[in-house]
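In: I'd like to go over a predicted model; first the sequence, then the structure.
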There are 2 protein chains.
Amino acid sequence: MNTTDPFLSAAIEEAEQGREEGGIPIGSVLVHQQKIIGRGHNQRVQQKSAVLHAEMHALEEAGRLPASVYEQCTLYTTLSPCAMCSGAIILYGIPHVVVGENKTFMGQEQWLRDHGVKVDVIQDERCVAIMNSFIATHPELWNEDIGE
Amino acid sequence: MNTTDPFLSAAIEEAEQGREEGGIPIGSVLVHQQKIIGRGHNQRVQQKSAVLHAEMHALEEAGRLPASVYEQCTLYTTLSPCAMCSGAIILYGIPHVVVGENKTFMGQEQWLRDHGVKVDVIQDERCVAIMNSFIATHPELWNEDIGE
């Protein structure tokens, strides 16, 4: 299925923008009280960044926030969050994560749940397709991004 | 005791530089084959960053690297690494972490060890002193940095 959720759709738009820039097509938005307060996409190629995965980029773009805001946020990401991004979610106490898909990469979802984070996995077909296409055409870049 | 390890000393210099800049005094260096390839200190104040903890800043400054380099690295940090920084260590398969102290903040050391990471804790007195002084004088800034 393809999501009709406007926030996951916004994360997919971020992923598509990353693809158009020649980057790794993963996108994320941080939502507070039904409003996007941070959005981003993987910056490995564009900014030569080792730490700005999509989720981290969305958190960075949201800027410095108190715990009282994070605890009312939902993080949307097109792909299951890796250990680093899951660690950021736990650090800041973000209680809810919506994951576009985990078929092409399984992140630390169980660790998130063990810390009380609600993790919803949509298995959106566009999210799966954009990653399958990327991994098939750029396997070395993908391996670099996940430390393999 | 005070460390005589030149790499932990370099991380402490980074922490001291952060303090002089009015920032959060935590420093880190990434060492590959006995050479510092990345160094950094917490950038919450200086760059208004939510993601550039000291360890993340050192990884970012090291730039894009293949897994074959990370797996020969040791990360030195003045303070026990939080969930986000520990996640980055696990993502990139860094096998060894040297921690200045964990008396003022206990990070995800057990999670790191569960993933096969060697974690050495020095309990260096300078590392403890710089954090105790910072936390006493800037409790709100410190709480923001650890999501509390």
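Out: Looks like it came in fine. The shown structure was predicted, so the numbers you read here are calculated from the model rather than taken from an experiment.
In: please name the bridge partners of A:His41.
Out: A:Gly27 (DSSP bridges).
In: contacting residues around the host helix or strand of A:Leu30?
Out: Using DSSP states H and E, A:Leu30 sits in strand A:27-32. With contact meaning Cβ atoms under 8 Å, 6 or more residues apart in numbering or on different chains, strand A:27-32 is reached by A:7, A:10-18, A:36-42, A:54-55, A:57-59, A:62, A:69, A:72-78, A:94. In short, each C-beta sits where N, CA and C put it, glycine included.
In: among these, which are in helices?
Out: Taking DSSP state H, the ones among those that sit in helices are A:7, A:10-18, A:54-55, A:57-59, A:62, A:69.
In: filter the residues you listed down to the ones near chain B?
Out: Contacts with chain B within those, as defined by Cβ under 8 Å from any Cβ of the partner chain: A:Leu59, A:Ala62.
In: what's the neighbour count on A:Asp114?
Out: Neighbour count for A:Asp114, taken as other Cβ atoms under 10 Å in any protein chain shown: 10.
In: could you do A:Ser133 as well?
Out: Applying other Cβ under 10 Å, I find that A:Ser133 has 12 neighbouring residues.
In: tell me the contacts of it?
Out: Neighbours of A:Ser133 in contact, by Cβ under 8 Å, 6+ apart: none.
In: next: A:Gly40.
Out: Counting by Cβ under 8 Å, 6+ apart, A:Gly40 touches A:14, A:27-29, A:52, A:54-61.
In: only alpha carbons, please: show the strand holding A:Leu30 as CSV.
Out: Extracted in CSV, the C-alpha atoms of strand A:27-32 (Å, rounded to 0.1, in the frame of the first residue of the first chain):
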residue,chain,number,x,y,z
GLY,A,27,13.9,11.2,4.6
SER,A,28,12.5,12.1,7.9
VAL,A,29,10.3,14.7,9.6
LEU,A,30,9.9,15.6,13.3
VAL,A,31,6.3,16.4,14.2
HIS,A,32,5.1,18.3,17.3
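In: average pLDDT for that strand?
Out: Per-residue pLDDT over strand A:27-32 has a mean of 98.
In: tilt between it and helix A:54-62?
Out: Inter-element angle recorded for strand A:27-32 and helix A:54-62: 50 degrees (by axes from the mean of the first three to the mean of the last three Cα atoms, to 10 degrees).
In: chain B contacts on chain A?
Out: Counting by Cβ under 8 Å from any Cβ, the residues of chain A that sit close to chain B are A:44, A:48-52, A:56, A:59-60, A:62-67, A:70, A:82-88, A:90-93, A:108, A:143-144, A:146-148.
In: now a ChimeraX select for only the buried ones of those.
Out: ChimeraX command restricting these to the buried ones, with burial defined by 16 or more other Cβ atoms under 10 Å in any protein chain shown:
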select /A:44,49,50,51,52,56,59,60,62,65,70,82,83,84,85,86,87,88,90,91,92,93,108,144,146,147
